[in-house]
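In: need coordinates for the following:
(one chain, ligands or ions: 1)
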Amino acid sequence: MSWPSYIKYHGLALPPGAHSEESLEYAQNFAVEDTDVFTVTYPKSGTIWMQELLPLVLSGGDLTPIQTIPNWDRVPWLEEKRLKVVVDQLSSPRALVTHFPYQLMPQSFFSSKAKVIYVMRNPKDVIVSSYYFHQMATFLEDPGTWDEFMDKFLEGRVMFGKWTDHVKSWRHTELGDRIMYITYEQMIQDLPAAVRLISDFLGKNLSDKIIEKIAYHCSFNSMQANIMSNFSLVPKVYMDSDKSQFLRKGVVGDWRKHFSSEQLVHFSSAIYKELEGERFTLPWSLDGATDVANVVAQV
Ligand code: PPS
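Out: Predicted coordinates:
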């Protein structure tokens with residue numbers, strides 16, 4: 001299947017399969033409600049994980065949504081075409097996801113009380129996950145070689161632009177206690193603890209039993225077995241699971257199997273250069289010393 005080239009939107013390249021001029025205008029004018037909860041991610045940072053977790057937290061552990069509604073309709077993307085189709089079926093409080101940088105959020109978002117959970121993932125694992133995703137998703141541009149893809153990623157010639165621009169935009173918000181930051185690595189390290197942080201942020205007083213139940217249903221294995229979440233409902237012409245799975249490995253540190261020592265220096269110095277002068281620090285050291293340790297303490 002051949003797709004038209006990416007849509008350009010405020011300098012970002014977006015794949016036309018899921019996005020259109022109309023969906024982007026709809027997102028821009030979307031009427032955000034005070035009770036809305038947005039999960040914000042740069043692609044491949046844990047989006048569908050949160051599409052599983054949020055309905056469970058918001059409902060106090062009711063499994064019906066994750067067992068009966070595909071994840072893209074259950075917690076829709078703000079910028080994608082499906083939102084307009086399913087918006088009236090969303091129950092309050094509504095959960096949405098978005099890959100938008102901060103400045104592209106709808107006007108109504110800024111004056112609302114809607115909450116944001118920003119999920120960050122080590123960019124070295126993000127790029128590996130993205131590389132495989134580009135091989136299996138026919139609506140994305142050919143990634144080229146691993147070396148070529150690394151340059152595209154660092155220069156922002158990929159969907160949703162540079163990873164560093166995304167992170168910077170969401171670190172410089174005026175949202176105060178409306179935003180919480182969490183990392184993919186934190187969720188891997190101790191999922192029940194991460195679920196507890198999220199439920200506390202959302203004002204939910206969940207018992208330990210419910211937290212454990214949610215963590216169980218949000219494990220990689222549970223999600224891989226859930227046809228509403230593993231993308232097996234998507235025809236192979238769009239996502240070719242013979243090339244790679246959407247739920248591919250679900251681990252921290254897979255970059256070690258892909259980066260040469262030269263690529264590690266090139267990648268980390270490019271990222272650090274982009275972040276020069278920033279007031280925040282990353283929760284991972286990109287030189288490869290640690291992947292998980294200290295992440296919890298620093299976020
Ligand atoms: S997308 O396309 O932006 O929506 O992708 P996104 O969901 O952000 O990221 C996909 C990666 O998240 C991993 N994932 C998980 N890891 C561990 N546990 C759970 N439950 C889980 N759910 C999703 C998924 O496997 C992709 O990472 P990789 O490294 O490719 O396996």
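In: all contacts plus neighbour counts: C-alpha atoms, from now on.
Out: OK.
In: which strand residues bridge residue 179?
Out: Using DSSP bridges, the bridge partners assigned to residue 179 are residue 116.
In: next one: residue 77
Out: Going by DSSP bridges, residue 77 forms beta bridges with residue 97.
In: hmm, residue 100 and it touching each other?
Out: No. Counting by CA atoms under 8 Å, residue 77 does not reach residue 100; the two are 9.6 Å apart.
In: higher neighbour count, those two?
Out: Using other CA atoms under 10 Å as the criterion, residue 77 and residue 100 rank with residue 77 on top: 26 against 22.
In: measure that one to the ligand for me?
Out: From residue 77 across to the ligand, the span is 9 Å (CA to the nearest ligand atom, to the nearest Å).
In: same thing with residue 51?
Out: Separation of residue 51 from the ligand (CA to the nearest ligand atom): 8 Å.
In: host element of that residue?
Out: Element membership for residue 51, per DSSP states H and E: helix 47-59.
In: put the alpha carbons of that helix into CSV.
Out: In CSV, the C-alpha atoms belonging to helix 47-59 read as follows (Å, rounded to 0.1, in the frame of the first residue of the first chain):
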residue,chain,number,x,y,z
THR,A,47,1.1,5.8,25.0
ILE,A,48,-0.9,2.6,24.6
TRP,A,49,0.2,1.5,28.1
MET,A,50,-1.6,4.6,29.4
GLN,A,51,-4.6,3.8,27.2
GLU,A,52,-4.9,0.6,29.3
LEU,A,53,-4.1,2.1,32.6
LEU,A,54,-6.1,5.2,32.7
PRO,A,55,-9.6,3.7,32.2
LEU,A,56,-8.8,1.2,34.9
VAL,A,57,-7.7,3.9,37.4
LEU,A,58,-10.6,6.3,36.5
SER,A,59,-13.2,3.5,36.9
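In: now it: buried residues?
Out: 47, 48, 49, 50, 51, 52, 53, 54, 55, 56, 57, 58 (16 or more other CA atoms under 10 Å).
In: up against the ligand, what does this structure have?
Out: Residues of the chain that fall close to the ligand, judged by CA under 6 Å from any ligand atom: 43-49, 129, 218-220, 223, 247-251.
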